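Colleague: Test case, fold it:
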Amino acid sequence: MPKRLLFMVLVVISFAGCKQQTTISIQQNKNAPAPAGDVGSRMPDFTIRDLDGNEISSADLSGKVALIDFWATWCKPCEKEMPGYQKLADRYGSHGFVVIGLKLDTIADSQDPRAFARKIGVRYPLAVATEALKRKFGGIEALPTAMIYDREGVLRAKVVGFEYKEVIESTIKPLLRQAPEFYCR
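Modeller: Residues are numbered from 1 along each chain as shown. So this is what the prediction gives:
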């Protein structure tokens, strides 16, 4: 029992405070191959149901700048940054920007996820990230983690830890200006 208790304490410590130090990775070279979850990698193929039962698919994100946010109800930095993502979705949604929230269930929810989202004003799609889906995204080191994909589905920035809306906005704005070849300019 002491080993199991120690393991649980370590898990809680590693996630409970979430990640206090932010790491932002940005790749400049679009053609360099990268492993899943690393900047430069491709968005994995996935189909999942959101908390309201609607289907979300990576195919639906084609041609859009997408922020994939890994979060949890017990993560205070997640709670602090998610309303900023909603503001960005409201401001840039008509320009092809979308936000998808993928909830981790490593630790039990501190509250109902839909009530949590309503309380903080989040209306973008939220779904539970299965273990298989987390692996497709290269695994998640800490919460919050945001992955920003360009219109071609290439990971351009990975933010591990809390970051201010303005920093995320400065990352997505150049990506929104880049239209894929099949779009009219």
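Colleague: Give me the three-state assignment for the spatially most central residue of the chain.
Modeller: Taking CA atoms, centre = their mean, the centroid of the chain lies closest to residue 69, which sits 1.6 Å from it. Per DSSP: H, G, I helix; E, B strand; the rest coil, the local secondary structure of residue 69 is strand.
Colleague: chain center to the top helix by length along the chain, what's the gap?
Modeller: As assigned by DSSP state H, the longest helix anywhere in the chain is helix 76-92. On the basis of CA atoms, centre = their mean, to the nearest Å, helix 76-92 sits 11 Å off its chain's mean C-alpha point.
Colleague: just how off-centre is the helix or strand following it within its chain?
Modeller: The C-terminal neighbour of helix 76-92 among helices and strands, as given by DSSP states H and E, is strand 97-103. Relative to the centre of its chain, strand 97-103 is centred 6 Å away, using CA atoms, centre = their mean.
Colleague: just the strands in the chain please.
Modeller: Ranges of strands in the chain, per DSSP state E, are 23-26, 47-49, 55-57, 65-71, 97-103, 126-128, 145-149, 155-160.
Colleague: Switch these over to TSV, and while doing so, append mean pLDDT to every line.
Modeller: Output for the strands of the chain, formatted as TSV (pLDDT from 0 to 100):
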stretch	mean pLDDT
strand 23-26	55
strand 47-49	97
strand 55-57	97
strand 65-71	98
strand 97-103	98
strand 126-128	98
strand 145-149	98
strand 155-160	97
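Colleague: and the residue lying closest to residue 157 once chain neighbours are set aside, how far is that from residue 50?
Modeller: Sequence neighbours aside, residue 148 is the residue nearest to residue 157 in space, at 4.2 Å (criterion: CB to CB, 6 or more residues apart in numbering). From N, CA and C alone the C-beta is placed, and that goes for glycine too. Residue 148 sits 20 Å away from residue 50, going by CB to CB, to the nearest Å.
Colleague: Look at the two and report which has more neighbours.
Modeller: Shown here are residue 148 and residue 50; by other CB atoms under 10 Å, residue 148 has more neighbours (24 against 16).
Colleague: Kindly provide the distance from the residue nearest to the centre of the chain to residue 33.
Modeller: Going from residue 69 to residue 33 by CB to CB gives 25 Å.
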